[in-house]
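Engineer: sequence first, then the predicted structure:
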Amino acid sequence: MNVISKRGLSLLLKGKSPDVAEEVSCWFKTAAAAHWGSVQDVRLSFPDADQVGEALVCNTRGNRYRLIATAFYPARTICLKALLTHKEYDREEWKKWA
């Protein structure tokens, strides 16, 4: 998959704890090497991934963070959108742009 973008990932990680940075970097590497055609394929790598409308939501750091992206499966492209704490995610403000 073409994950857009490494620079965007760095911006999402700004101000987050170092433990989440390592896990999200592993997510990025796994996604970049993947050949996902649907959310079912994503779940083979990340079992708790969900598709919420156009947003692909992956839990990280033991469900403490949510990585939100938009996946365009036919084009093999994922655009990173947000890295939210569980509390930020639960406010559901992200659904306005997802």
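Structural biologist: All right, it came through fine.
Engineer: contacts for the lengthiest helix in the chain?
Structural biologist: If you go by DSSP state H, the chain has its longest helix at helix 18-33. For helix 18-33, contacts defined as Cβ atoms under 8 Å, 6 or more residues apart in numbering pick out 1-3, 6, 9, 12-13, 45-46, 58, 60-61, 64-65, 67, 78, 83. No exception for glycine: its C-beta is placed from N, CA and C like everyone else's.
Engineer: tell me how many other residues crowd the closest residue to residue 46 other than its chain neighbours.
Structural biologist: Excluding the flanking residues, the one nearest residue 46 by Cβ to Cβ, 6 or more residues apart in numbering is residue 58, at 5.1 Å. By the measure other Cβ atoms under 10 Å, the count of residues near residue 58 is 21.
Engineer: wait, doesn't residue 58 sit right on residue 49?
Structural biologist: Yes. Taking Cβ atoms under 8 Å as the definition, residue 58 is a contact partner of residue 49 at 4.8 Å.
Engineer: ends of stretch 67-83, what's the gap?
Structural biologist: Its start and end residues considered, stretch 67-83 measures 5 Å (Cα to Cα, to the nearest Å).
Engineer: I misspoke; the intended subject was stretch 52-61.
Structural biologist: Start-to-end, stretch 52-61 (Cα to Cα) is 20 Å.
Engineer: same thing with stretch 63-80?
Structural biologist: So stretch 63-80: terminal residues 18 Å apart, Cα to Cα.
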